[in-house]
Structure formats: C-alpha cells, structure tokens
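*Asks:* Predicted model follows, preceded by the sequence.
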Amino acid sequence: MADQAISYADLSYINSELRSIGSYISGISNEIGVISSKQDNLENDLVVLQSDLAKLTSLFNEFVDADTRHKALQLAETRVGNLRQELDLKFGYYAEVRRMAIGILQAVDVGIVNDNTLQFTTEEVMIKAPGYWLAPALVALASWIRDDRHNTENALNESLRRDDYKATLFYMLIMRRLGRNDASLKWLERYFMHQNPHNLSREFITILEAVITGVFPPAARQLMMSNVKDWLDLLTHTDNFVNQQKAQWVSFFEASGPLPEGKYPLLEKYCINWPTLTAALKAAKTHKVLQAYFQDIVSSTDFSKSVKVQLDEILSLLVVNFDDEELPLQEQVRLNQLIIQMDGSKSAAEAMMNSEKHIFEEKVDFLQLLTNASFNPQLAGATKATQTLAVSISQPWIVEAYDTFTAQSRNKIPKTIELTIEDFKTSTKDGGNENELVKSQELFYENMLRIELGRISFPWGAIIIGSLLCLGAISFVVAAPLAALVGVGIGGVIIWMSMKNYNKIKKAIIANVEERKRKAKEVLRGCIAETVDYRNELATEDANAEEVRHFIAAIRAEDFTSLSKETARNII
Amino acid sequence: MARIILQNENFDFDASKKQTTSTGFLSDRGLLKKRSQKYLDLIASLDQKTLSETKGIEELMKGLQEEFGTAELASLPIGIVAKCFLGDPYEVHRLDLTAQIIRHYKINESMEPDFEKARTLALHNAYALVEVYKEKLILIRLDGTASKTDIGTPTNF
C-alpha cells in the first residue's frame, strides 16, 4: 500500500516536473533558435564588417600612398628651390657669364654696343668668375672685335688652358657664325684633334652633319673626310669593332622580317617542319623590306635646312650648358623636378632619370656612332643626311653583314617538306612528285583497310551452330517432320543474321576508310599545291637578295659627298 | 634640363693603338677579290673528272695555285664544295685541297662536318661554289664575286 501511495504521489509530482522541464527545454530551444538566428546575423555582420575593413584598408593605403607622394612632392618642391638657391650661390655667376656670352654675340651681330662697354664688362667677368673658361673666351672675343691682338692672344691662351675642348668648340662655332671660314676651319682641325674615335661625345654627330651638309666651308668636308678615313683605318684595323657592328647589322636584318601572312593554312596544319618553313620564308621576305629601307636612305635628298639652326643650338647649349662642377647639383635639381613631374613618385622619377642619363651621357666609338645614326637617326640626334652618310661609310661591313644574313637564311631553307596527314607520313622537296605521293597514300589506305578488316572476325561460330542445328533437324525429318522444319528454319536464320551483321560491319569499315582516304587525298593535294606555291614564293623572295646586295654594294661615300657639295654651294 | 653635350673629360687619344696589327678585317679583303672565270670553269669541269685521274688533279691544283697566287698554305681553303651536275643520285662534289681528292656525293650521303656545313649553300642556285675555310665559308657567286660568311656549325633540319 505504502508503495502505491508513494508511487501515486511521486508520479504526479514527477509528471509535473517533467512537464515543467519539457517547457523549459522548449523555452531553451526557442532561445537557442533565437541565438542561432542572432549568430547568423552576427556572421552576416562580420562579413559586412570584413569587407568594410578591407575597403578601409585599401582606402587607408591609398591615403598613405597619396600622403607619401604629397609629402615627397612638397619636399621635392622645397628641395628644387633650395638646390637652385645653392646653385645660384655657388655658380650663379656662371649663369650671368653665359647670358652675357649670348648678349655679346647678339650685340656683335647688330654692332650697336660700344667697344669700351664690351671691354669693360668682359674684363669684369674675368675678375668675377675665376677658373671659368668662358670668361677669358669672352675677353678674347671682345678684344678681337676692337682689334687688340695682344690681349686677344693672351685671353685665347687662357681660355684654352682652362678648357681646351669647350673653348675650341666655342671658337669654331663663333667663327662659323661670323663667316670667318678659314679661322673656323683651323678651329675645326683642332676640334678633330680632340676627338678620340673610340670615345666620341654626342655633339660630334651634329658637327659631322653640319660639315657634311655644307654648313662649314667645303675644305672642312675634306678635312673631315680625311679624319674619318684615318679613324676608319684605325678602327677597322682589328676585327673587334667591325665585328661588333656586323653583329648589330645582322640582328637588325633578322629583326626586320615581316610578319607571317597565313598564306599556307594546310602546310601550317599538316607540315611537321612548318616552323622552319615559315622562318625561312620570313627571312627571304626580309630582303624586300631591306631594299625599301636602303633605297629610302640613299634616295633621300633631305639635307636638313635646320643644320644652321642646329649649329646655333649647339652654340647656345655650349654657353648655356652646365659645367662639370655644377653637374652633381644640377642632377639633383633634375631628379626633384622629375619627382614633381611624376606627381611625387620617386621610383618613376628615378627610372626616368636613368633612361635620360643613358641617352645623354653615352659615349660611343665612331663605328657605333655610324651604326646608331643608320638605325635611328632621330634617336642619335641626326637627320636623314647623316643617316645616308653613315650608311655609305659603313657600307663595307653592311655588305658583309648582309652576306652573312643571306647565307644564314639560305642555309636555313628546309630541303624537304615533311607532311603528316592522319598517320600517313611523307615528304616532298618541291611538290613535283605528286603522283608518287598520291599513289603511296592510296597504298597506305589500302593497307589500313586490310588491317581494319582483319580486326573483325568472320562469324564462324554462329555459322557452325546454325549449320549443326540444320543438320540435326534434318536427321529428325522422318520422325518429326514439323520439328525438323522448325529446326532448319532456326539454323538458317542464325546463319543469315550473322552473315548480314558481318557484311554490315564490313561495309561500314570500308565506307569509313574510303571517306578518310578521300579527305586525306584532298588534304595531300592541297598540301602539294601549297608546297609548290611556297617554293615559288621562297625562290622569288630569295632572289631579291642578289638585287639588294648589288644595291648595297653600289653605295659609295663619294656619291653622297658629290651630292652634298651641290647643297654646300647653295648654302655658302 | 638642357642636354649635356659636353663632358670635360681628359683627352686620351692613344696613338700607340695604331700600331696594333691583326690579320682580321683587312686581310680578308684579299680573300674577297673577284674570282676569275677560268677558276669557275675549272671547278665546273670537276664533273668530268673521276677519282683515278691523277693527271687531272695535278692540272687542277696548278690552276688553283694560279688563282690564289702565292698565298700561304694556311690562307688557302681546306676545300671546295660545288653542285654536281652528274645527275641523280649525285648532288654535290667536294674537292679536298689537303688530301687533293675529288669526291662526288649522293643525295643522302653526308660529307665531313667541315664540308657538310657548306652543302646547303653550295646547292643554292645563287652560288657557283663554296670555298671552305677552317672558320668561315667564302661564297662565290656565278659572276665570280666573293662574299664571306661566318657560319660555324651546320644547322640540322
């Protein structure tokens, strides 16, 4: 009893407890649901936050970058100012002297300044700019104008002592400007004595061009030619320099080839040595391109009218230009200017600076100078007239380089054209053996048909079973004629069906091989036709080489100078 | 910045460089002189010669010496390769000046490496013959003009 009472009381209590637990649990699960949905929300928020953060980071980076650049820009601007001040402080007087040089030249041009003023100002400059070559040069100029021989000679010697090369170039250009041909020639002679054919400065090409095109008196050309001849003798005495130029010309020739036109689609697809074929054709086609190139150079009669202008430009560059002691400061100024120009990007400015240095400071030997002028006169700082001269002087090694290029490209002409159509491999020299090739291709497909047919087996099994069935049935023909008939029928059907199936497969194979053969034959004939065209085109293009060689071989420096003499007379 | 046209570098023209002599560029001038018609004919006549004709060889060598003058042995070609007109299957022939023999080669027969590198060019219609030197080939055109090429190793295709 007691047990029962306890059990009643306990059960109701437990029941209610269980119920309440159940409700708790459902409450918890609800809350878990809420939490998980909140968590989902949180995760979404996190993703949004992350993307926002990424945006912020990139924005921040941009900001830092912009800020750095902005600061670099400001710094560069300040530095340019400071450096300029420093330059002004240290070398400011040089700038004044340079300005004065141009001023004196212009004054002499028009003759409106009193000799005394010239004397006074130049002598003042001499005192104020110690060590600067232009100061005594100006004194010499002023004393020369007022016919003071003693003073002129002294000042001249002093300027030459301070900087022989620049003073020589200065006097040479001044004399030319003033129309003193003999004097200018003497200075030119001295200028040439300064030149080292192994190490020429960039302005040399401009002087060379000026001489060639007749800005200087005709005697200057002879002087230049004899100098050039000596240099050539010196430089071509060893193979070194010439071989360098030859190698450059050969690679120039190689690079001049036109792009492939895609004229031979079948060969491209089926010829396994197509890369060599197309390379050979490209090389052969180069001859025509080169012919146009050389013809353009030689036939150009563009004797630039700007040479005189250019001479004045050198003169003003010479006087305006910075002297070596100023260079480090000037370089810094330039770098900071470039930083400003590049919106504060230091690396871009440095890259720009490097390329400029390369262009402007390069010193080259005479042969390289000629090659540069031949390849790209604009970049070398010359005109087409100089290009023509450069080509005509370089002619001996251009011919050799051309011979090498021609021989190389001819050596690369493939002897045979290797074709692979499906699995049929063959080769032809010029497509002349078409019938032979077609025949061997037919043999190939006959062979293939035989092999393919050999792969399907004749249905011997089914035929034997069918025949045995028939024979067995016939033996029952007396006992059970109906059954025998049925047996024979079944046997016959088995034999007939298997034969039919076999013939069907055979037919399909034959049709398939025939179709492949037909297509392959078309391709083969197409390839042969293209081979014939290819060989013809190659031969025609290759034949141009002889013409071009003839053309280059006929270029003579003398032709060019006789042409320029006419212009020279016109100018002087 | 204005262009820097002048660098105040010391002028160091080295006159002693003039004295360096070499057998390179200038000495090849002699090799590139136009070949005589007689010489071309002589080589063209190789087709009629056979290996056993020693007398023919003697004559040939005499003709060659005439063409190359009193050139030193070292500056003579090691051999001459030319198209062979004997007809199929012969393709090229080779005159070996060191061994003083003539040999005709069939289409798929290869020559010694030194000569093989001249083969493709010898077969080209633009050239009458190819003189093979140790380090270069001199290509002689049909009109006798010579051109130099520095083809070193033969290209295999």
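*Replies:* Yep, it's here.
*Asks:* And the helices in the stretch 451-572 of chain A?
*Replies:* A:460-475, A:481-553, A:557-571 (DSSP state H, counting those that start in this stretch).
*Asks:* With chain B instead?
*Replies:* Chain-ordered helices for chain B, with DSSP state H as the definition, fall at B:27-31, B:37-44, B:54-68, B:113-116, B:119-123.
*Asks:* How about the stretch 301-450 of chain A?
*Replies:* Under the criterion DSSP H, counting those that start in this stretch, helices of the stretch 301-450 of chain A are mapped to A:307-320, A:327-341, A:346-361, A:366-375, A:377-380, A:384-411, A:434-455.
*Asks:* Tell me how far the fourth one lies from the chain's centre.
*Replies:* This means helix A:366-375. When distances are taken as Cα atoms, centre = their mean, to the nearest Å, helix A:366-375 is centred 19 Å away from the chain's centroid.
*Asks:* got it, and the second one?
*Replies:* In terms of Cα atoms, centre = their mean, the gap separating the centre of helix A:327-341 from the centre of its chain is 29 Å.
*Asks:* Any chance you could list what contacts that helix?
*Replies:* Residues outside helix A:327-341 that contact it (Cβ atoms under 8 Å, 6 or more residues apart in numbering or on different chains) are A:72-73, A:76-77, A:79-80, A:83-84, A:86-87, A:90-91, A:322, A:345-346, A:348-350, A:352-353, A:356, B:1, B:4. C-beta: built from backbone N, CA, C; applies to glycine.
*Asks:* Can you tell me which of these are buried?
*Replies:* Members of the contacts of helix A:327-341 that pass the buried threshold by neighbour count (16 or more other Cβ atoms under 10 Å in any protein chain shown) are listed as A:72-73, A:76, A:79-80, A:83, A:87, A:91, A:322, A:345-346, A:349, A:352-353, B:4.
*Asks:* what's the farthest-apart pair in those residues?
*Replies:* For those, the maximum inter-member distance is 29.3 Å, found between A:Phe91 and A:Ser345 (Cβ to Cβ).
*Asks:* List the buried residues for the one helix or strand A:Lys285 maps to?
*Replies:* In this structure, A:Lys285 sits in helix A:274-299 according to DSSP states H and E. Of the residues in helix A:274-299, those scored as buried under the neighbour-count criterion (16+ other Cβ under 10 Å) are A:274, A:276-288, A:290-291, A:293-294, A:297-298.
*Asks:* Then stretch B:114-127?
*Replies:* By neighbour count, and taking 16+ other Cβ under 10 Å as the criterion, the buried residues in stretch B:114-127 are B:114-124, B:126-127.
*Asks:* Please go through the residues you listed and note which also touch chain A.
*Replies:* On the criterion Cβ under 8 Å from any Cβ of the partner chain, B:Lys117, B:Thr120, B:Leu121, B:His124, B:Ala126 are the entries of the buried residues of stretch B:114-127 that sit beside chain A.
*Asks:* Format the helices of chain B as JSON lines; extra columns: mean pLDDT and distance to A:Ser374.
*Replies:* Supplementary listing: these in JSON lines, determined by pLDDT from 0 to 100; distance: least, Cβ to Cβ, whole Å:
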{"stretch": "helix B:27-31", "mean pLDDT": "62", "distance to A:Ser374": "22"}
{"stretch": "helix B:37-44", "mean pLDDT": "81", "distance to A:Ser374": "34"}
{"stretch": "helix B:54-68", "mean pLDDT": "72", "distance to A:Ser374": "35"}
{"stretch": "helix B:113-116", "mean pLDDT": "84", "distance to A:Ser374": "35"}
{"stretch": "helix B:119-123", "mean pLDDT": "87", "distance to A:Ser374": "27"}
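*Asks:* and those, which is most packed in?
*Replies:* For the helices of chain B, average neighbour numbers computed from mean count of other Cβ atoms under 10 Å in any protein chain shown are highest in helix B:119-123, which has a mean of 21.
*Asks:* so what does that helix touch, helix or strand wise?
*Replies:* Under the contact definition 3 or more Cβ pairs under 8 Å, 6 or more residues apart in numbering or on different chains; DSSP states H and E, helix B:119-123 sits against helix A:384-411, strand B:79-83, strand B:90-96, strand B:127-132.
*Asks:* Then A:Ala135 would be within a helix, right?
*Replies:* Yes: under DSSP: H, G, I helix; E, B strand; the rest coil, A:Ala135 sits within a helix.
*Asks:* circling back to that earlier point, who does the helix holding A:Lys285 touch, helix- and strand-wise?
*Replies:* helix A:239-255, helix A:265-270, helix A:384-411, helix A:481-553.
*Asks:* In JSON lines, list the ones you listed along with mean pLDDT.
*Replies:* Output for those, formatted as JSON lines (pLDDT from 0 to 100):
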{"stretch": "helix A:239-255", "mean pLDDT": "85"}
{"stretch": "helix A:265-270", "mean pLDDT": "89"}
{"stretch": "helix A:384-411", "mean pLDDT": "86"}
{"stretch": "helix A:481-553", "mean pLDDT": "89"}
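*Asks:* Could you dump those into JSON lines and include mean neighbour count and distance to chain B?
*Replies:* Putting those into JSON lines (neighbours: other Cβ atoms under 10 Å in any protein chain shown; distance: least, Cβ to the nearest Cβ, whole Å) gives the following:
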{"stretch": "helix A:239-255", "mean neighbour count": "18", "distance to chain B": "3"}
{"stretch": "helix A:265-270", "mean neighbour count": "17", "distance to chain B": "15"}
{"stretch": "helix A:384-411", "mean neighbour count": "23", "distance to chain B": "4"}
{"stretch": "helix A:481-553", "mean neighbour count": "16", "distance to chain B": "6"}
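*Asks:* Go through those helices and name the closest to B:Met61.
*Replies:* Of all the helices and strands packed on helix A:274-299, helix A:384-411 sits nearest to B:Met61, with 27.1 Å by Cβ to Cβ.
*Asks:* And stretch A:257-272, how far out from the chain middle?
*Replies:* Once both centres are worked out by Cα atoms, centre = their mean, stretch A:257-272 turns out to sit 23 Å from its chain's centre.
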